[in-house]
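Enquirer: Prediction below, plus the sequence it came from.
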Amino acid sequence: MRRYLRIVVLCLACGFCSLLYAFSQLAVSLEEGAGGGGGKPQAKAASWLAGGGRGAARGAGNAGSTAHPGGADRCKDFFSLCYWNPYWMLPSDVCGMNCFWEATFRYSLKIQPIESMHLAVVACGERLEETITMLKSAIIFSIKPLQFHIFAEDQLHDSFKGILDSWSFLQTFNYSLYPITFPSENAAEWKKLFKPCASQRLFLPLILKEVDSLLYVDTDILFLRPVDDIWSLLKKFNSTQIAAMAPEHEEPRIGWYNRFARHPYYGKTGINSGVMLMNMTRMRRKYFKNDMTTVRLQWGDILMPLLKKYKLNITWGDQDLLNIIFFHNPESLFVFPCQWNYRPDHCIYGSNCQEAEEEGIFILHGNRGVYHDDKQPAFRAIYEALRNCSFEDDNIRSLLKPLELELQKTVHTYCGKIYKIFIKQLSKSIRDRYDRPPKER
Ligand SMILES: *[C@@H]1O[C@H](CO)[C@@H](O)[C@H](O)[C@H]1NC(C)=O
Ligand SMILES: *[C@@H]1O[C@H](CO)[C@@H](O)[C@H](O)[C@H]1NC(C)=O
Ligand SMILES: *[C@@H]1O[C@H](CO)[C@@H](O)[C@H](O)[C@H]1NC(C)=O
Ligand SMILES: *[C@@H]1O[C@H](CO)[C@@H](O)[C@H](O)[C@H]1NC(C)=O
Ligand SMILES: *[C@@H]1O[C@H](CO)[C@@H](O)[C@H](O)[C@H]1NC(C)=O
């Protein structure tokens, strides 16, 4: 009897081990499928594994052309962030092999809760609807939870609260509302600079002292892919980089800074601060080289002297100050390609953002008010489609067809001619997140 029992136990143990092995092989092959660039093989395996359900193929793709995560790279940290995701539906920066082991040990190890992604925006004047649409686009596609930091003029607070509270059933985001604040001694001077409260963003590292990293965006931004993907660029920073932005222009012949600026600026054409990813821990720690004193200054000490010195020479306010700072500290900037901050400048005189032509637009930036006038109908069509849609899965899935028809009406404009790049990534994001795998396959 004893002997039988031993044999049975042995068999069970062997069976368990081979099962573990089989699943780990599966994790590896899924990983390879995802690494290949296309979402297809992964999606198929995922639908088999997940047996349907929304978002089965979420993890496909990677974070853009400069940021190809090499397979080996992603597997370095043994334990990663898959606690709340089954390992076959991973965010793009996570290695399937890790998650397999992590899932195996989940119950014997205390794993920290998932970190939120922090997103900040500054809303003044008539920017309520635009800001709400931006936040909606962030929520629709993102995978990890979001923490919004909304800086707004006092009269907008009730409206924000009303709308965001009505979305709280989603449980994928939290928010905090803040008044517009400046360092008290120079408040008046800062408020005058550029538009009423755009320079607020310069002070985010000093105000949000507890926050490690932050994505700042203008109100006229629309996310066409998960915030997770730009957030994952933080991990690509080398040891000296503290912030990431896109160039102001791709084409020097129409660049602003290189033709008109009366102050130093970063690189060939300057940088645009409409989408700004920051490791604020590093920004608060760093001592910045500058052209005012021979000693290096910390973030909190550099801004006012800089404003005093360049007040008469700057045109675009705080963005100019950022350009001056990174001119003197170029090793601290991570430059991401134009498809992460795609503006009318990239197409109004003909297409000049090559990365977007290849992979589609990742983040749309409708500056110059193009969401609200008739100058760039392609930008406006995307804005209205997202503004009009709700959080219903069906509603989001059915957003594409009418949008494409709307875009086809814009082909008389330079931006409309390349309308396909406006929906290339958007369609993929919707597919990855909302398409149920067909039942019969
Ligand atoms: C939002 O905050 C509450 C309370 O602090 C917390 O329990 C919840 O997990 C948070 N949700 C997200 C998505 O961060
Ligand atoms: C401001 O612009 C003027 C005219 O181009 C230039 O002479 C001056 O040096 C600039 N000031 C600073 C602080 O760069
Ligand atoms: C930001 O930088 C600090 C200090 O180097 C580091 O500990 C932290 O992990 C970084 N944050 C992210 C999200 O990479
Ligand atoms: C980090 O990257 C920047 C930009 O490519 C570069 O200038 C800097 O030297 C790099 N820092 C290190 C420590 O390699
Ligand atoms: C969005 O809704 C408005 C009115 O609510 C309507 O006029 C407009 O045509 C809609 N736009 C799109 C692109 O669906």
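Expert: Received, thanks. Ligands and ions are numbered 1, 2, ... in the order given.
Enquirer: Check the offset of the helix or strand hosting residue 187 from the chain's centre.
Expert: Per DSSP states H and E, residue 187 falls inside helix 187-192. Centroid separation between helix 187-192 and its chain, computed with C-alpha atoms, centre = their mean, to the nearest Å, is 30 Å.
Enquirer: Next SSE downstream of it?
Expert: helix 204-207.
Enquirer: who does that following helix touch, helix- and strand-wise?
Expert: strand 213-217, helix 280-285, helix 299-310 (3 or more C-beta pairs under 8 Å, 6 or more residues apart in numbering; DSSP states H and E). Where C-beta positions appear, they are placed from N, C-alpha and C, glycine not excepted.
Enquirer: CA atoms only: put the shortest one into CSV for me.
Expert: Which is strand 213-217. Extracted C-alpha coordinates of strand 213-217, given in CSV (Å, rounded to 0.1, in the frame of the first residue of the first chain):
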residue,chain,number,x,y,z
SER,A,213,7.6,60.4,-12.5
LEU,A,214,5.1,62.3,-14.5
LEU,A,215,3.7,62.7,-18.0
TYR,A,216,2.8,66.4,-18.6
VAL,A,217,0.5,67.0,-21.6
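Enquirer: hmm, the helix or strand following it touching ligand 5?
Expert: Using DSSP H and E, the next helix or strand after strand 213-217 towards the C-terminus is strand 221-223. No - with C-beta under 6 Å from any ligand atom as the criterion, ligand 5 is not reached by strand 221-223; the gap is at least 13.3 Å.
Enquirer: Quick check: can you name the pairing partners of strand 221-223 and their directions?
Expert: Take DSSP bridges as the rule and strand 221-223 pairs in its sheet with strand 363-365 (antiparallel).
Enquirer: contacts for the strand it pairs with?
Expert: Residues outside strand 363-365 that contact it (C-beta atoms under 8 Å, 6 or more residues apart in numbering): 217-218, 220-225, 230, 272, 274-275, 339-343, 379, 382, 422.
Enquirer: hang on, the earlier thing: most neighbours per residue, which of the helices and strands packed on helix 204-207?
Expert: Of all these, strand 213-217 has the most neighbours on average by mean count of other C-beta atoms under 10 Å, namely a mean of 24.
Enquirer: where do the strands sit along the stretch 51-200 of the chain?
Expert: Along the stretch 51-200 of the chain, the stretches classed as strands by DSSP state E, counting those that start in this stretch are 117-123, 146-152, 173-178.
Enquirer: buried set for the second one?
Expert: Judged by neighbour count (16 or more other C-beta atoms under 10 Å), strand 146-152 contains these buried residues: 146-152.
Enquirer: Might you enumerate the residues of this protein proximal to ligand 2?
Expert: Proximity of the chain to ligand 2 (C-beta under 6 Å from any ligand atom) is limited to residues 262-263, 309-310, 313.
Enquirer: just the residues you listed now: which is nearest residue 163?
Expert: Proximity of these to residue 163 (C-beta to C-beta) peaks at residue 310, which lies at 38.2 Å.
Enquirer: Could I get the contacting residues of the nearest residue to that closest one once chain neighbours are set aside?
Expert: Distances taken as C-beta to C-beta, 6 or more residues apart in numbering put residue 263 closest to residue 310, at 5.2 Å, once the chain neighbours are dropped. The neighbourhood of residue 263, defined by C-beta under 8 Å, 6+ apart, consists of 310, 313-314, 320, 323-324.
Enquirer: and residue 263, how far is that from residue 321?
Expert: 9 Å (C-beta to C-beta, to the nearest Å).
Enquirer: now do residue 211
Expert: From residue 211 across to residue 321, the span is 21 Å (C-beta to C-beta).
Enquirer: These two - which one has more neighbours?
Expert: For residue 211 versus residue 321, neighbours defined as other C-beta atoms under 10 Å are more numerous around residue 321 (22 against 17).
Enquirer: So residue 121 sits against residue 156, correct?
Expert: No - in this structure residue 121 lies outside contact range of residue 156 using C-beta atoms under 8 Å: 11.4 Å.
Enquirer: quick one: buried residues of the helix holding residue 187?
Expert: Buried-residue list, helix 187-192, by 16+ other C-beta under 10 Å: residue 190.
Enquirer: Any chance you could give me it in PDB, C-alpha atoms only?
Expert: Provided in PDB are the C-alpha atoms of helix 187-192 (Å, rounded to 0.1, in the frame of the first residue of the first chain):
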ATOM      1  CA  ALA A 187       3.500  85.100  -8.700                       C
ATOM      2  CA  ALA A 188       2.500  88.100 -10.700                       C
ATOM      3  CA  GLU A 189       5.500  87.900 -13.000                       C
ATOM      4  CA  TRP A 190       4.900  84.200 -13.700                       C
ATOM      5  CA  LYS A 191       1.200  84.700 -14.400                       C
ATOM      6  CA  LYS A 192       2.000  87.300 -17.000                       C
END
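Enquirer: I'm done for today, thanks for sticking with me.
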